[in-house]
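Peer 1: build me a structure from this.
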Amino acid sequence: MKVHFIAIGGSAMHNLALALHSKGYQISGSDDEIFEPSKSRLSSKGLLPEKFGWTPDKINDTLDYIILGMHARPDNPELLRAQELGLKVYSYPEFIYEQCKTKTRVAIAGSHGKTSITAMILHVLHFHKMDCDFMVGAQLEGFDTMVQLTDHNEFVLLEADEYLSSPIDLRPKFLHYKPNIALISGISWDHYNVFPTYEDYYHQFDLFISSMESGGALIYNKEDNEVVKVTEANCHEIKKFAYGMPDYIVKDGEVSLPTPEGDVELSIFGRHNMNNLDGARWICNQMGLTDAQFYEAIPTFKGASNRLECVKKSERLNVYRDFAHAPSKVSATVNAVRENFPKAKFIACFELHTFSSLNIEFMDQYKGSLAAADKPMVYFNPDVVAHKKLPSLSVDAVQQKFNEPGLEVFENNQKLLQRIKEELASNEKVILLVMSSGNFDGIDWTNL
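Peer 2: From the prediction side, this is the model:
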C-alpha cells in the first residue's frame with residue numbers, strides 16, 4: 001500500500017507513519033515545519049521530507065490513500081490535488097478505526113489525565129507481556145513508536161482526544177473510535193477556538209458515550225461532578241462503573257499505595273495521578289488483568305514523557321516538566337508538586353502557548369491555578385499571539401486575568417530565565433515546575 005501523509009510531522013501523525021512503515025507500507029509525507037523529536041525519528045527511517053513545504057506533484061493516482069493531519073489547512077495544495085484526483089482522504093482517527101474495527105477497542109477520554117492513564121495501562125500490559133495494539137500521544141520508555149497496528153492482537157488501546165479530526169472533518173477525534181470499553185477521566189472546558197461555550201464542549205462527551213458499542217463498559221471518574229452528570233444522564237445501553245481516589249501515603253517526598261498485597265512504592269506522585277491510577281486499574285481489569293497483577297507492575301511506571309517528568313534532580317534543585325496547558329491541568333499539576341514537596345521553595349512557571357490560553361476572553365479560567373506555588377510565573381511570546389491572529393496581550397492584562405498575588409509575567413524568555421536563576425541563588429532546596437505544550441522558545445531546563 002502507498003500512503004501519503006499531509007502534515008506528517010505531528011505527534012500522532014509521525015508515529016502512525018512509522019507504524020505503517022514497519023508493516024511494509026510505502027510512506028511519503030510533507031509538512032511546512034517539523035520539530036524534534038518527530039524530525040529525527042522520521043529521518044532515522046528515511047521518511048523525512050527532502051524539503052519543507054507542500055508539493056502537489058507528490059500527489060498522484062498511484063497512491064492508495066491520503067492521511068490528513070489537523071495542522072494542514074482546508075486549502076492545502078496537496079489536499080486540493082488529492083480531492084481533484086478523487087483519492088480517499090482519511091483523518092488519522094478515521095484511519096485507525098478502519099484498521100481496528102474488528103478488534104476490542106478501548107478508548108481513554110477526558111479533558112485531563114488521558115495520556116497518563118493510557119500510558120499506565122500500556123506499561124502494565126507490557127510488564128505482563130500482554131501485547132495489544134495502541135495509540136498514545138506521549139513517548140514511553142521501552143517503546144520505539146507510540147502507535148502499533150497489527151493483524152492479530154485482540155485489543156487496541158486508544159488515547160481518545162476530543163479535538164477536531166482534520167481540517168475537513170470537524171468531528172472530535174474520539175467520535176470515530178466507537179469503543180467497546182471506555183473511560184472518562186474529567187471534563188473541564190478546553191479548546192476555546194472550536195468549542196466557544198462550555199455547553200458545546202460538554203456536549204461532545206455525551207456524544208462520545210452515545211458512540212460506544214451497545215453493551216460496552218464505561219469506566220468513569222466519580223470524583224469529577226461533570227463526568228458523573230454526563231454519565232448518569234446518558235441512557236445508552238452500556239454498563240457503567242465508577243472509579244475514585246485510592247488511599248495513599250506521602251512521606252518524605254515518596255508515595256506508597258496500601259494494597260491487599262502490602263504497601264506498593266510508587267515512582268509517580270500527586271492526587272491526580274493517584275486518581276488516574278485507579279482508573280487505569282479498572283481498565284486493566286476489563287482487559288483481563290487482576291488487581292494483583294496491576295499492583296505488581298505499577299511501581300516501575302515512571303510516567304509518560306512531559307507528564308510531571310523529572311528532567312533534573314540534585315541536592316538543591318529538582319526540575320519537573322509537564323505538558324499542562326488547560327486550566328484544570330495546570331491546577332492539578334501545581335497542587336501535586338506542592339503536596340509532594342510541602343516545605344521546599346516552589347517556583348511554578350507556565351507558558352501561554354495554545355489558542356485557548358492566549359485568548360484574553362478565556363484567561364479568567366486560570367484564576368487560582370498557580371496559587372499553591374511560592375513564586376508563580378507566566379510567560380508568553382507576542383509573536384506567537386500574532387501568528388495565531390489573536391488580539392495582542394499585555395503583561396498587565398495577563399496579571400489581571402490570573403489575579404494571582406506575586407505573579408510575575410514575562411514576554412522575553414531570557415528575562416524569565418534570568419529571574420529564575422535569581423531565585424536559585426539561595427542555598428535552600430528549590431522545586432521548579434515548568435508547564436507548557438510548547439518549549440518556552442527553546443529554554444534548556446537541564447542546564448540551569
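Peer 1: now the helices: where do they sit in this structure?
Peer 2: Using DSSP state H, the helices of the chain run over 11-22, 38-44, 77-85, 92-100, 114-127, 198-210, 225-233, 271-286, 291-297, 327-340, 382-387, 395-402, 413-423.
Peer 1: turn the ones you listed into CSV, columns for mean pLDDT.
Peer 2: Shown next, in CSV, are these (pLDDT from 0 to 100):
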stretch, mean pLDDT
helix 11-22, 94
helix 38-44, 94
helix 77-85, 97
helix 92-100, 96
helix 114-127, 95
helix 198-210, 97
helix 225-233, 98
helix 271-286, 97
helix 291-297, 97
helix 327-340, 94
helix 382-387, 93
helix 395-402, 96
helix 413-423, 95
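Peer 1: so what are the domain limits for the chain?
Peer 2: Domain ranges of the chain: 2-86, 95-300, 309-447, per automatic domain parsing.
Peer 1: from these, which stretch is densest packed?
Peer 2: domain 95-300 (a mean of 19; mean count of other Cβ atoms under 10 Å). All C-beta atoms are positioned from the backbone trio N, CA, C, and that covers glycine.
Peer 1: and it, how far out from the chain middle?
Peer 2: Here domain 95-300 is found 11 Å from its chain centre; the criterion is Cα atoms, centre = their mean, to the nearest Å.
Peer 1: ok, stretch 5-17 next?
Peer 2: With Cα atoms, centre = their mean, you get 15 Å for stretch 5-17.
Peer 1: endpoint to endpoint, it covers what distance?
Peer 2: 8 Å (Cα to Cα, to the nearest Å).
Peer 1: got it, and stretch 424-443?
Peer 2: 16 Å.
Peer 1: stretch 342-362 now?
Peer 2: From its first residue to its last, stretch 342-362 covers 30 Å (Cα to Cα).
Peer 1: and for stretch 153-173?
Peer 2: First residue to last in stretch 153-173 (Cα to Cα) measures 22 Å.
Peer 1: pLDDT of stretch 428-446, averaged?
Peer 2: Stretch 428-446 carries an average pLDDT of 93.
Peer 1: nope, stretch 308-325 is what I was after
Peer 2: Per-residue scores along stretch 308-325 average to 91.
Peer 1: who's in contact with that stretch?
Peer 2: Residues from elsewhere that reach stretch 308-325, judged by Cβ atoms under 8 Å, 6 or more residues apart in numbering: 115, 138, 268-270, 273, 303, 306-307, 329-330, 332-333, 336-337, 341, 344, 350, 353-354, 356-357, 424, 427-437, 445-446, 448.
Peer 1: swap in stretch 64-72?
Peer 2: 1-10, 13, 16-17, 31, 59, 78-79, 82, 87-92, 95, 163-169.
Peer 1: at 7 Å instead, please
Peer 2: 1-7, 10, 13, 16, 79, 82, 87-92, 95, 164, 166-168 (Cβ atoms under 7 Å, 6 or more residues apart in numbering).
Peer 1: between the helices of the chain, which one is closest to residue 258.
Peer 2: Taking Cβ to Cβ, helix 291-297 is the member of these nearest to residue 258, at 10.2 Å.
Peer 1: mind listing the strands for the stretch 51-200 of the chain?
Peer 2: Taking DSSP state E, counting those that start in this stretch, the strands of the stretch 51-200 of the chain run over residues 65-68, 88-91, 104-109, 133-135, 147-148, 155-159, 164-166, 169-172, 181-184.
Peer 1: and the longest one, which strands flank it?
Peer 2: Note on strand 104-109: by DSSP bridges, its sheet partners are strand 155-159 (parallel), strand 181-184 (parallel).
Peer 1: now the angle from the longest one to helix 11-22?
Peer 2: Angle of strand 155-159 versus helix 11-22, following axes from the mean of the first three to the mean of the last three Cα atoms, to 10 degrees, is 150 degrees.
Peer 1: got the angle for strand 155-159 vs helix 271-286?
Peer 2: Going by the same axes, to 10 degrees, strand 155-159 makes 160 degrees with helix 271-286.
Peer 1: pull the CA atoms of strand 155-159 into CSV?
Peer 2: The C-alpha trace of strand 155-159 is given here as CSV (Å, rounded to 0.1, in the frame of the first residue of the first chain):
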residue,chain,number,x,y,z
PHE,A,155,-7.3,-5.3,21.9
VAL,A,156,-6.5,-1.8,20.7
LEU,A,157,-5.8,0.8,23.4
LEU,A,158,-6.5,4.4,22.2
GLU,A,159,-5.9,7.8,23.8
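Peer 1: contact partners for residue 11?
Peer 2: Residue 11 neighbours (Cβ under 7 Å, 6+ apart): 38, 137.
Peer 1: try it again at 10 Å.
Peer 2: 35, 37, 38, 69, 136, 137, 138, 139, 146 (Cβ atoms under 10 Å, 6 or more residues apart in numbering).
Peer 1: from residue 218, how far out is residue 283?
Peer 2: Here residue 283 is placed at a distance of 11 Å from residue 218 (Cβ to Cβ, to the nearest Å).
Peer 1: next one: residue 256
Peer 2: Distance from residue 256 to residue 218, by Cβ to Cβ: 30 Å.
Peer 1: now do residue 164
Peer 2: With Cβ to Cβ as the criterion, residue 164 and residue 218 are 23 Å apart.
Peer 1: go on, residue 180?
Peer 2: Residue 180 is 10 Å from residue 218, by Cβ to Cβ.
Peer 1: what do those two both touch?
Peer 2: 107, 212, 238.
Peer 1: turn those residues into a markdown table, including distance to residue 156.
Peer 2: Compiled in a markdown table, these are given as follows (distance: Cβ to Cβ, whole Å):
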| residue | distance to residue 156 |
| --- | --- |
| 107 | 9 |
| 212 | 15 |
| 238 | 18 |
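Peer 1: just give me the closest of those to residue 400.
Peer 2: Closest to residue 400, out of all of these and judged by Cβ to Cβ, is residue 107, at 39.4 Å.
Peer 1: that closest one bridge partners, please.
Peer 2: Assigned bridge partners for residue 107, using DSSP bridges, are residue 158, residue 182.
Peer 1: next, the contact list for it, please.
Peer 2: With Cβ under 10 Å, 6+ apart, residue 107 has these contacts: 114, 118, 135, 156-161, 173-174, 176-184, 208, 211-212, 216, 218, 283.
Peer 1: no more questions from me, cheers.
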